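Peer 1: requesting a structural model of the entry that follows:
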Amino acid sequence: MSQIEQKSLQRLAAYRQKISQQMLEGFLVTREVNVRYLSGFTGDSSWMLVTAQDAFLLTDPRYTEQARQECPNCQVVLVKDSMEKTAIALAAAEGIHTLGFESDEVTVAQQQRLLVAAALHPELIPSVDLCSALRQFKDETEKDWLQKAAALGDQALQQLRPMIKPGITERRLGNQLNILMLELGSEGMSFDTIVASGQRGALPHGIPSDKPLAEGDMVTIDFGCILGGYHSDMTRTFILGMPDAIQRQRYELVLQAQMAALDAIRPGRNTREIDGVAREMIKAAGFGDHFGHGLGHSVGLEIHELPRFSPVAPPVMLEPGMLLTVEPGIYIPGWGGLRIEDMVLITEGGKDILTKFPKTLEDMTIIC
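Peer 2: Residues are numbered from 1 along each chain as shown. Coordinates of the predicted model:
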């Protein structure tokens, strides 16, 4: 049995326990990323039906052969009519009386079609995404892909650095970074690459514009790549020319807040506490109103997963195998902004920072 096959079996066994805890006989998995996590299927247009004994992968004729190759632990079912009718007919044939479904993923229209197809059997039970609790803990294979993705990001930014200079536009710089990641082997971008310079740095998710970089600008670059389906995420803020006193003060503040949060991370601490470590430092310096997002989020098959470092999200106890970003920032309209972000794996002994690109003020200063 291959390692992939073993991982799929382990995940399905853990998922069946979640189904049983919900007092359900079967579960309809409709989120594409959850289908991939449980089955190993890398295509789209697919659902899964998971029962106490079996796992069925439902897909159309474009993907049946691919599904048979990638999903040895699933019975592949060809969808000839609609996904909803096929799923309900299969559940009924399997003797399922109570069928859960991902109510936060299924659209109203899909739910109506499921209800029509089901009539009186099986009973459809709206449920939460049962995979989220499993996906927050990364196994060894996932850790390996995430480490490789982070390393690829480090390499791409290192190659981009000589291009970060006055005159190049944000858009061209972002495009060059995307090209570098693809040439190094990335399967795609984790999200639309962010490049924001000068006053545009006040936009936390600034889409690259045609603004040329200028001496004196701070330049925030937030990007990620994908390997094995797993995402990386890193932000660095460069300074074109010697930083002035305000830039120096604000950069050091954000860096110190990030380092303090990183130092506090270990199993047994909760996510809200870690967010508070960085947030209180930034607030004490007078910039609390200029740090409007959570300190970080989990990363995996999706760029934003659970749990989160946040002042408002439910606090979650950190445990080995979790992986989150730590990304404090300040954003000041009319001046600009900056953010520093790293990926952090929680380990038995504390943590491992996967993104290695330097981040001291001296490292980030580009002499023009």
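
Peer 1: residues in contact with stretch 299-312?
Peer 2: Stretch 299-312 has contacts (CB atoms under 8 Å, 6 or more residues apart in numbering) with 33, 36-37, 132, 135-136, 138, 142, 146, 190-191, 224, 229-233, 261, 271-272, 274-276, 279, 294-298, 313, 316, 322-326, 343. Bear in mind the C-beta positions are built from the backbone N, C-alpha and C, glycine included.

Peer 1: by mean pLDDT, flag the weakest helix or strand of this structure.
Peer 2: The helix or strand of the chain with the poorest confidence is helix 108-118; it has a mean of 80 (mean pLDDT, DSSP states H and E).

Peer 1: filter the contacts of stretch 299-312 down to the buried ones, ChimeraX style.
Peer 2: Remark: buried members of these, expressed as a ChimeraX selection using 16 or more other CB atoms under 10 Å:
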select :33,36,37,132,135,136,138,142,146,190,224,229,230,231,232,233,261,271,272,274,275,276,279,294,295,296,297,298,316,322,323,324,325,326,343
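
Peer 1: now the angle from the next helix or strand after the least confident helix or strand of the chain to helix 108-118?
Peer 2: Next in sequence after helix 108-118, counting helices and strands by DSSP states H and E, comes strand 123-127. Here strand 123-127 runs at an angle of 150 degrees relative to helix 108-118 (axes from the mean of the first three to the mean of the last three CA atoms, to 10 degrees).

Peer 1: state the mean pLDDT of strand 123-127.
Peer 2: What strand 123-127 shows for mean pLDDT is 88.

Peer 1: paired strands for it, with orientation please.
Peer 2: strand 98-102 (parallel) (DSSP bridges).

Peer 1: residues in contact with Glu187?
Peer 2: Counting by CB under 8 Å, 6+ apart, Glu187 touches Cys225, Ile226, Leu227, Gly228, Gly229.

Peer 1: likewise for His290?
Peer 2: By CB under 8 Å, 6+ apart, the contact list for His290 reads Ile282, Ile330, Tyr331, Ile332, Gly337.

Peer 1: next one: phi and psi at Phe238?
Peer 2: Per-residue torsions, Phe238: phi -100, psi 160 (degrees, to the nearest 10).

Peer 1: so what's it bridging to?
Peer 2: Val219.

Peer 1: doesn't Ile221 make contact with it?
Peer 2: Yes: at 7.3 Å, Phe238 counts as touching Ile221 under the criterion of CB atoms under 8 Å.

Peer 1: of those two, which one has the most company?
Peer 2: More neighbours surround Ile221 than the other of Phe238 and Ile221, with 23 against 20 (other CB atoms under 10 Å).
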